[in-house]
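[1] Need a 3D model of the following:
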Amino acid sequence: LKPMDKTKTRLNAIVKLTKRKDVSALVNACDAGREGELIFRLIQQYAKSKHPVKRLWLQSMTPAAIREGFETLRSEKQMQGLADAARSRSEADWMVGINGTRAMTAFNSRDGGFFLTTVGRVQTPTLSVVVEREEKIRKFISRDYWEIHATFLAEAGEYPAKWFDPKWKKAAANADNAEPDAELKADRVWSEKEARAIAEAVRSKSATVTEESKPTTQAAGQLFDLTSLQREANGKFGFSAKTTLAIAQSLYERHKALTYPRTDSRALPEDYLPVVKKTFEMLADSGMKHLAPHALVALNGNYIKPNKRIFDNAKVSDHFAIIPTLQAPSGLSEAEQKLYDLVVRRFMAVFYPSAEYLVTTRISQAVGHSFKTEGKVLVKPGWLAIYGKEAEDENTDEKDAKTLVPVKPGEMVRAEVCEAKGLKTRPPARYSEATLLGAMEGAGKTIDDDELREAMQEKGLGTPATRAATIEGLIAEKYMLREGRELIPTA
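    From the prediction side, this is the model:
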């Protein structure tokens, strides 16, 4: 083992301490996870230490949890399985990387010259995910289809509707296909003649109306781990995964405003309720006018309660979800403020009640043809209030609100307009960083082999801490290019 130049002095200081005469045992207080276990074992190996070892296992950083951790230290034997897993991961990376890179470099340099071709345990499967998608795009053949759009006139006004086949079933539509065709849908017609015939049959005809309204609720998303934060920031602000990690790291290290960002957990330790309350109090008293009122509402409404979706020790790994700390930040750059707000809003939203909608499905039937219209009205904004959404009135002009003009029971409506609209099927989209991070996270699901799929379950490719570096590495090696928000393989 060779020490890294950057951290050599720190390593030597630890080694010196282990060699002190009055030191009789060591406590491994590295991160409570596989890599934390490995770091300690490597230091122990480098120091040639023979001292007995106890393991401090902390998933929560409250003073009470730290005291409890020291009272219930684990034995070295208890941790052996985790240590073996860590070493296997480290050596597998090395073996795949070094041997794969040598083999592929030799193969690509067989006609002379030297063409370095890097291979990696995580890098290469990630590249293959992007290449497979690109192959699908290149092989894609666009097909024409038609939709029939109508405007019905009721006493109270007009409303739009789209034709659909109420008898359509996915299985029956795909009966003759070896693989299901995702393009076949209930509201698509595959011949222009048929589409025009439907439009002409319905135009200017009377229609009967049936509708049903159902209340639905929508809960806020879970707290962020690094991957979900990177995906959200890529989608909302166009930040690369690397940029988001760097900003989150700066908010953690420099500003002390966020908790540790390199986490794969979306839950908090069960003893964190008092800390969360204090964080809400800090936000309510802070000068951040866009956040403080929402924190105050949560405190006054007693929203901060134990909830397994938020507080769950079984879902906390070596680190918990990314949340704001008790320190109100100041002097943040624009990008830092954006990311901080993203985390704080999500942190507050998980404690707020669900948003409540009224969803109305209206079916208008004319000369044996069915047309569907869906309306969705926000009744109680709940957590959406944090994002500036209010309950919708009848006169709202919000994009999301689809308030339908009322139709009286038994009223007949008339198809004022009915047109066939020609469209084309589109190839699958290229990956953006947000969608590629998602594909890496759920990579095991696409494996055909049952045993291998089981082994990959809940693991995915890479870890939250390494996924950004993997993507950047593939770009640096010119295996793929970044064009706008798209990632394109070069081969």
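
[2] can you pull out the strands in this structure?
    For the chain, the strands defined by DSSP state E occupy 26-28, 53-55, 74-75, 144-154, 157-164, 206-218, 355-366, 369-380, 413-424, 480-483, 486-489.

[3] Save these as JSON lines, and put in mean neighbour count too.
    Heads up, the C-betas are built off the backbone N, CA and C, glycines and all. What follows is the strands of the chain, written out as JSON lines (neighbours: other CB atoms under 10 Å):
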{"stretch": "strand 26-28", "mean neighbour count": "18"}
{"stretch": "strand 53-55", "mean neighbour count": "19"}
{"stretch": "strand 74-75", "mean neighbour count": "13"}
{"stretch": "strand 144-154", "mean neighbour count": "19"}
{"stretch": "strand 157-164", "mean neighbour count": "18"}
{"stretch": "strand 206-218", "mean neighbour count": "13"}
{"stretch": "strand 355-366", "mean neighbour count": "19"}
{"stretch": "strand 369-380", "mean neighbour count": "18"}
{"stretch": "strand 413-424", "mean neighbour count": "16"}
{"stretch": "strand 480-483", "mean neighbour count": "14"}
{"stretch": "strand 486-489", "mean neighbour count": "17"}
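
[4] can you pull the contacts of the closest residue to residue 33 other than its chain neighbours?
    Counting by CB to CB, 6 or more residues apart in numbering, residue 33 lies nearest to residue 318, which is 2.9 Å off, once chain neighbours are set aside. Taking CB atoms under 8 Å, 6 or more residues apart in numbering, we find residue 318 in contact with 31, 32, 33, 34, 35, 36, 59, 263.

[5] One more: residue 265?
    Counted by CB under 8 Å, 6+ apart, residue 265 has contacts 225, 315, 316, 317, 319, 320, 321.

[6] What of residue 149?
    When contacts are counted by CB under 8 Å, 6+ apart, residue 149 touches 160, 161, 162, 163, 417, 418, 419, 421.

[7] Kindly report the same for residue 284.
    292, 295, 296, 299.

[8] top of these by neighbour count?
    residue 295 (25 neighbours; other CB atoms under 10 Å).

[9] other SSEs contacting the lengthiest helix in the chain?
    Secondary structure of the chain per DSSP state H: the longest helix is helix 80-108. For helix 80-108, the elements it packs on are helix 34-47, judged by 3 or more CB pairs under 8 Å, 6 or more residues apart in numbering; DSSP states H and E.

[10] Pick out the most distant pair among the contacts of residue 318.
    Within the contacts of residue 318, two members stand farthest from each other by CB to CB: 35 and 59, at 14.9 Å.

[11] more crowded one of those two?
    Neighbour tally, residue 35 and residue 59, criterion other CB under 10 Å: the higher count belongs to residue 59, 20 against 17.

[12] List the residues that contact the closest residue to the more buried one other than its chain neighbours.
    In space, and not counting its chain neighbours, residue 59 is closest to residue 316: 4.7 Å by CB to CB, 6+ apart. Contacts here follow CB under 8 Å, 6+ apart; on that basis residue 316 touches 59, 60, 265, 267, 268, 269.

[13] Recalculate using a threshold of 10 Å.
    32, 59, 60, 263, 265, 266, 267, 268, 269, 270, 272 (CB atoms under 10 Å, 6 or more residues apart in numbering).

[14] Likewise for residue 443?
    Residue 443 touches 122, 125, 126, 128, 129, 456, 459, 460, 461, 462, counting by CB under 10 Å, 6+ apart.

[15] Also residue 219?
    Counted by CB under 10 Å, 6+ apart, residue 219 has contacts 309, 349, 350, 352, 353, 354, 355, 382, 383.

[16] Let's see that with 7 Å instead.
    residue 354 (CB atoms under 7 Å, 6 or more residues apart in numbering).

[17] do you know how far it is from residue 385?
    Distance of residue 219 to residue 385, given as CB to CB, to the nearest Å: 14 Å.

[18] do the same with residue 420
    42 Å.

[19] Make CSV out of the strands of the chain and add distance to residue 137.
    Below are those laid out as CSV (distance: least, CB to CB, whole Å):
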stretch, distance to residue 137
strand 26-28, 49
strand 53-55, 49
strand 74-75, 50
strand 144-154, 19
strand 157-164, 28
strand 206-218, 32
strand 355-366, 34
strand 369-380, 31
strand 413-424, 14
strand 480-483, 13
strand 486-489, 10
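
[20] out of these, nearest to residue 282?
    Of the strands of the chain, nearest to residue 282 by CB to CB is strand 355-366, at 25.7 Å.

[21] Spell out which strands sit alongside that closest one in the sheet and which way each one runs.
    Here strand 355-366 is paired, per DSSP bridges, with strand 206-218 (antiparallel), strand 369-380 (antiparallel).

[22] contacting residues for the nearest residue to residue 277 once chain neighbours are set aside?
    Nearest non-adjacent residue to residue 277, counting by CB to CB, 6+ apart: residue 304, 5.4 Å away. When contacts are counted by CB under 7 Å, 6+ apart, residue 304 touches 273, 276, 277, 280, 298, 351.

[23] That concludes my questions; thank you for your assistance.
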